[in-house]
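S.K.: Structure for this input, please:
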Amino acid sequence: MAEEIDWEIPEAVRPKPGEFAFDLDAALQSVVGVQATIPEDAFTAQTLGTQRAGSGVVIRESGLVLTIGYLITEAETVWLTTADGRATQGHVAAYDQETGFGLIQALGRLGVPALALGRSGKLEIGAPLVLAAGGRDHSVRAQLIANQEFAGYWEYLLEEALFTAPAHPFWGGSALIGADGKLLGIGSLHVQQSIPGGPPRDINMVVPIDLLPPILDDLLTYGRPHRPARPWLGILSAESEGRVVIGGLTPTGPAAAADIRVGDIVWAVRDEAVTGLADFYRKLWNSGAAGVEIPIELVRDGRTVWVRVKTLDRRALMKSASLH
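M.R.: Numbering: from 1, shown residues only. Just a heads-up that it's a prediction; the model follows:
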């Protein structure tokens with residue numbers, strides 16, 4: 001069963017009473033704690049752990065909770081905890097690899113209001129926001145500092161991610177709430193922003209809520225978007241001066257089977273030059289659905305090497321794949 005997490009946000013960055021035109025305390029009731037237990041032999045257990053904790057947001061009166069998907073991937077048990085400490089078991093309803101969103105259906109009555117969805121695409125730089133993982137003591141008064149492309153090393157790409165500061169220390173699944181009291185995104189990552197002439201500062205990457213409505217019906221019906229899965233290689237990549245370098249491999253993944261190696265530089269996909277990490281992903285995903293064989297040109301020890309990778313749908317390796 002879930003346990004209350006004992007931590008607080010420094011008072012200086014908490015939202016103050018009367019600072020927003022809407023009832024912030026009422027909106028924060030919709031934010032719940034999420035704790036998930038994952039089997040030790042699960043595909044993601046080694047990388048994401050078997051005990052995961054974060055937050056989620058009630059978005060429907062039926063007890064449907066939106067969170068970040070990595071908290072609940074392959075979960076065998078999920079508990080939801082309201083701000084007043086009541087715990088209810090939940091069921092993993094959906095996970096979308098492309099956006100990163102996850103859905104949990106509460107199996108009991110949560111007794112908290114649903115938070116309305118806003119329009120993240122209308123946000124302007126400097127907009128006042130609240131990034132919340134609970135009540136005021138667990139919330140950060142933030143601002144939007146960027147709305148831009150984000151390419152993750154684990155074969156993940158958002159065309160327009162939201163970046164907020166100051167950083168929330170417990171960001172996973174947190175609720176980004178706008179000045180109108182509506183949900184604008186779900187906290188995903190802690191990253192650093194380079195500052196000219198100074199040290200980097202800590203910020204959060206947030207998945208924008210505008211990505212949810214187009215896929216929500218599919219998520220509730222099928223547990224995922226009803227479209228072919230993207231081809232997956234099983235690599236961890238980094239970008240350096242426009243070059244994509246292989247930094248890690250899933251031992252049982254397609255790239256390892258094709259003899260792609262750590263340290264290889266990705267030069268081209270299907271005879272098309274790769275100019276960066278986002279460009280690499282787009283060229284992979286434009287090659288067809290999961291299962292397609294993709295020729296990739298690599299530079300290894302100063303020499304050109306060609307490999308052909310028989311891609312997979314990564315869901316096939318996960319325990320939750322059989323649920324939908």
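S.K.: so what's residue 51 closest to, chain neighbours aside?
M.R.: Leaving out its chain neighbours, the residue that sits closest to residue 51 by C-beta to C-beta, 6 or more residues apart in numbering is residue 37, at 6.2 Å. C-betas here are computed from N, CA, C, even on glycine.
S.K.: and that neighbour, how many neighbours does it have?
M.R.: By the criterion of other C-beta atoms under 10 Å, residue 37 has 13 neighbours.
S.K.: and if you look at residue 182?
M.R.: Quick note: residue 182 (other C-beta under 10 Å) scores 17 neighbours.
S.K.: Show the pLDDT at it.
M.R.: Turning to residue 182, the model gives it a pLDDT of 98.
S.K.: Am I right that it is in contact with residue 118?
M.R.: Yes. Residue 182 is within contact range of residue 118, at 3.1 Å (criterion: C-beta atoms under 8 Å).
S.K.: Retrieve the pLDDT associated with the residue nearest to residue 51.
M.R.: 97.
S.K.: Ok, the one 10 residues further on next?
M.R.: Per-residue confidence for residue 47 comes out at a pLDDT of 92.
S.K.: follow-up on the earlier one: just to check, the residue nearest to residue 51 is in contact with residue 50?
M.R.: Yes. With contact defined as C-beta under 8 Å, residue 37 counts as touching residue 50 (6.5 Å).
S.K.: what's the following helix or strand after the helix or strand where residue 296 lies?
M.R.: Element membership of residue 296, judged by DSSP states H and E, is strand 293-300. Moving toward the C-terminus from strand 293-300, the next helix or strand (DSSP H and E) is strand 303-310.
S.K.: mind checking how far the residue nearest to the spatial centre of the chain is from residue 170?
M.R.: Closest to where the C-alpha atoms of the chain average out (C-alpha atoms, centre = their mean) is residue 100, at 3.9 Å. Residue 100 is 17 Å from residue 170, where distance means C-beta to C-beta, to the nearest Å.
S.K.: Tell me the secondary structure of residue 315, please.
M.R.: helix (DSSP: H, G, I helix; E, B strand; the rest coil).
S.K.: wouldn't it be in contact with residue 228 here?
M.R.: No. Between residue 315 and residue 228 there is no contact under C-beta under 8 Å: 11.7 Å.
S.K.: of those two, who's got more company?
M.R.: Between residue 315 and residue 228, counted using other C-beta under 10 Å, the more crowded position is residue 315 (19 against 12).
S.K.: which residues sit in contact with residue 250?
M.R.: For residue 250, the contact set (C-beta atoms under 8 Å, 6 or more residues apart in numbering) comprises 234, 235, 256.
S.K.: correction: residue 301
M.R.: So residue 301 contacts nothing (C-beta under 8 Å, 6+ apart).
S.K.: just residue 73 next, same as before
M.R.: Per C-beta under 8 Å, 6+ apart, neighbours of residue 73: 38, 44, 48, 95, 102, 318, 320.
S.K.: Quick check: PyMOL command selecting the buried ones in those residues.
M.R.: To isolate the buried ones among the contacts of residue 73 in PyMOL, judged by 16 or more other C-beta atoms under 10 Å, type:
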select buried, resi 38+44+48+95+102+318+320
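S.K.: Next one: the residue lying closest to residue 171 once chain neighbours are set aside from residue 277, what distance?
M.R.: Nearest residue to residue 171, sequence neighbours excluded (C-beta to C-beta, 6+ apart): residue 187, at 4.0 Å. Look at residue 187 and residue 277: by C-beta to C-beta, they are 22 Å apart.
S.K.: And residue 133, by the same measure?
M.R.: From residue 133 over to residue 277 (counting by C-beta to C-beta), the distance is 29 Å.
S.K.: what about these two, which has more around it?
M.R.: Taking other C-beta under 10 Å, residue 133 and residue 277 do not tie; residue 133 has more neighbours (29 against 25).
S.K.: what's the pLDDT at that one?
M.R.: 95.
S.K.: got it, and residue 190?
M.R.: For residue 190, the pLDDT comes out at 94.
S.K.: Export stretch 40-59 to CSV, keeping only CA atoms.
M.R.: Only the C-alpha atoms of stretch 40-59 are listed here, as CSV (Å, rounded to 0.1, in the frame of the first residue of the first chain):
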residue,chain,number,x,y,z
GLU,A,40,12.0,-7.9,-10.9
ASP,A,41,12.1,-9.7,-14.2
ALA,A,42,10.3,-6.9,-16.1
PHE,A,43,12.0,-5.5,-19.2
THR,A,44,12.3,-2.0,-17.6
ALA,A,45,13.2,-3.1,-14.1
GLN,A,46,16.9,-2.6,-14.4
THR,A,47,16.7,0.9,-15.9
LEU,A,48,13.7,2.3,-14.1
GLY,A,49,13.6,0.2,-10.9
THR,A,50,11.0,-2.0,-9.3
GLN,A,51,9.6,0.7,-6.9
ARG,A,52,8.5,3.9,-8.6
ALA,A,53,6.9,7.0,-7.1
GLY,A,54,5.6,10.2,-8.6
SER,A,55,2.4,12.0,-9.2
GLY,A,56,-0.7,12.1,-11.4
VAL,A,57,-3.7,14.3,-12.1
VAL,A,58,-7.4,13.3,-12.0
ILE,A,59,-8.8,14.3,-15.4
